[in-house]
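# next come a sequence and a model predicted from it.
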Amino acid sequence: MRVEQVEIRYVRLPLKRHFETSFRRTRERHTILVAVRADGVEGWGESPVEDGPWFSSETVETAWHVLRDFLIPMMLGQEIARAADAFARMGRVRGHPMAKTGLEEALWDAEARQQGVPLARLLGGVRDRIESGVSVGIQDSLPELLEQVEGYLAQGYRRVKVKIKPGWDVDVVRELRRRWPTVPLMVDANSAYTLADADHLAALDEWGLLMIEQPLAYDDLYEHSLLQRRLRTPICLDESIPTPAHARAALELGSCRIINIKPGRVGGLAQARRIHDLCQERGVPVWCGGLLETGVGRAHNVAIASLPNYTLPGDISASDRYYERDVVVPPFRLNPDGTIDVPRGPGIGVEIDRDFLETVTVRREVFTQLQHTCHD
Ligand code: NPG
């Protein structure tokens, strides 16, 4: 397909309730949506950046700059045979996986729409529903956390992940287990600990957790391998796995036994699929993480999570877990059995709610071939 036009939008969507991790409290989602127009179809993707370099080193402004000045000029006017090749075509730009993801996902959506097939099918998906988990942020008090978890379990979510940090960890898990002895439960530290905390973290082994996610530094593999030897609970890596090469190294080193794959973290769907395939060959389960995506990024996450080795419930919750109103129609809904349907329509299978999107867009730029040239 020939890329005729690319549009980028800086979108700010208020969260229903703040979301707190070990590194910050968020009240509003700042993100970038990307639309590609090619051969009469339109595809959408999301660069799930934040307003600051907290989870990742990218921000709204770095992604905007890299998209506008480098990535979009590489694609405009080009004949892209397959979206699967887009990541390699952007290879001259080092890093900036979130910026790349928005554009790459938009190309996948466009290609699937052009072929009239669901994106999940184009990617090689095998499921028509995915198991949905919920991620619960750090709360001001334990009763508040218990109340939140109770509400999500009543809705049907199939596994619960709670955010932890020093001072909000072992006691919290003990309380959760007292109340729900068998619920599939895991914790996510977002790099809040060091190897010196190994004995403290080992106290979590008692509670039958599915996994401990990203306990140590965001760029570490080696110390995680030392920690994994001291824990019975599997370590799952997230931030530490930006590329398939990191995934391979982590598995060779024994740094983790599970990998959380987020398309936004690894540069899009093709890279996510590579990590999925690598883990599948080695018998290592994966699941799809989330970055509080709007319905656009959520749709891509749902599609990739339909691949065969996404065997654990992920962080793909319903739209109403985070937002009063989503930017897509229909929004993603939780079935009573705790699953989310993989859309059956062409492409991402949901449509943009254009009126609503307009009201949450704070900046927009449209690029056509003649107006912008690559800064070399
Ligand atoms: O359900 O989309 C979701 C959120 C899942 O916990 C979640 N995301 O560290 O994985 C994370 C965390 C996150 C959210 C990180 C937003 C950065 C920004």
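Good, I have the coordinates.
# and for the residue in the chain positioned nearest to the ligand, nearest residue in space, chain neighbours not counted?
Closest to the ligand within the chain is residue 290: 2.4 Å, counting by CB to the nearest ligand atom. C-beta here means a position set from N, CA and C on the backbone, and glycine is covered the same way. With sequence-adjacent residues excluded and distances taken as CB to CB, 6 or more residues apart in numbering, residue 290 is closest to residue 315, at 3.8 Å.
# that neighbour: how many residues sit nearby?
25 (other CB atoms under 10 Å).
# what's the pLDDT at it?
You'll see residue 315 listed with a pLDDT of 97.
# in what helix or strand does residue 31 lie?
If you go by DSSP states H and E, residue 31 is part of strand 25-38.
# next one: residue 278
Residue 278 belongs to helix 269-281, assigned by DSSP H and E.
# buried residues, that helix. List them.
Neighbour counts over helix 269-281 (16 or more other CB atoms under 10 Å) mark 269, 270, 271, 272, 273, 274, 275, 276, 277, 278, 279, 280 as buried.
# same thing with stretch 249-257?
Neighbour-count burial for stretch 249-257 [16+ other CB under 10 Å]: 249, 250, 251, 255, 256, 257.
# repeat for stretch 339-348
Buried residues in stretch 339-348, counted by 16+ other CB under 10 Å: 339, 340, 341, 342, 343, 346, 347, 348.
# chain neighbours aside, what residue packs nearest to the second one?
Once its chain neighbours are removed from consideration, residue 340 has its nearest residue in residue 132; the separation is 4.9 Å (CB to CB, 6+ apart).
# the closest residue to residue 77 other than its chain neighbours: neighbouring residues, count only.
Leaving aside its sequence neighbours, residue 77 sits nearest to residue 369 (CB to CB, 6+ apart; 4.0 Å). Other residues near residue 369 come to 16 when the count uses other CB under 10 Å.
# where's residue 369 relative to residue 91, distance?
According to CB to CB, to the nearest Å, residue 369 and residue 91 sit 21 Å apart.
# in stretch 225-245, what counts as buried?
So, applying 16+ other CB under 10 Å, buried residues of stretch 225-245: 225, 227-228, 231, 233-242, 244.
# tell me how far the longest strand anywhere in the chain lies from the chain's centre.
Determined from DSSP state E, the single longest strand within the chain is strand 3-20. Using CA atoms, centre = their mean, to the nearest Å, the distance from the centre of strand 3-20 to the centre of the chain it belongs to is 14 Å.
# tell me if that strand is near the ligand.
No. Counting by CB under 6 Å from any ligand atom, no contacts exist between strand 3-20 and the ligand, the nearest distance being 6.6 Å.
# next, the angle from that strand to strand 25-38.
Per axes from the mean of the first three to the mean of the last three CA atoms, to 10 degrees, the angle that strand 3-20 makes with strand 25-38 is 170 degrees.
# what about strand 3-20, average pLDDT?
The average pLDDT within strand 3-20 is 96.
# then stretch 298-305?
Taken as a whole, stretch 298-305 has a mean pLDDT of 98.
# how about it: buried residues?
Buried, per 16+ other CB under 10 Å, within stretch 298-305: 298, 299, 300, 301, 302, 303, 304, 305.
# and what of stretch 209-224?
For stretch 209-224, the neighbour count (16+ other CB under 10 Å) marks 209-218, 220-221, 223-224 as buried.
# for these, which one is nearest residue 59?
residue 218 (15.5 Å; CB to CB).
# for that closest one, what are its contacts?
By CB atoms under 8 Å, 6 or more residues apart in numbering, the contact set of residue 218 is 191, 239, 240.
# contact partners for residue 279?
Going by CB under 8 Å, 6+ apart, residue 279 touches 247, 251, 259, 285, 286, 309.
# skipping its backbone neighbours, what lies nearest it in space?
Nearest residue to residue 279, sequence neighbours excluded (CB to CB, 6+ apart): residue 286, at 5.0 Å.
# can you count the residues close to the one you found?
By the criterion of other CB under 10 Å, residue 286 has 27 neighbours.
# and if you look at residue 39?
Other residues near residue 39 come to 13 when the count uses other CB under 10 Å.
# residue 24 now?
Neighbourhood size, residue 24 [other CB under 10 Å]: 14.
# nearest spatial neighbour of it, skipping sequence neighbours?
Ranked by CB to CB, 6+ apart and with sequence neighbours excluded, the top spatial neighbour of residue 24 is residue 54, at 5.2 Å.
# what about the one you found, distance to residue 23?
5 Å.
# what residues does the stretch 201-350 of the chain have near the ligand?
238, 289, 290, 291, 292, 315, 317.
# just checking, the second one touches residue 261?
Yes. Shown here, residue 289 and residue 261 form a contact pair, counting by CB atoms under 8 Å, at 6.8 Å.
# quick one: secondary structure of residue 63?
Secondary structure for residue 63, judged by DSSP: H, G, I helix; E, B strand; the rest coil, is helix.
# I misspoke; the intended subject was residue 307.
Classification of residue 307 by three-state DSSP places it in coil.
# try the one 5 residues further on
Taken by three-state DSSP, the conformation at residue 312 corresponds to coil.
# for it, what are phi and psi?
Residue 312 adopts backbone torsions of phi -110, psi 150, taken as degrees, to the nearest 10.
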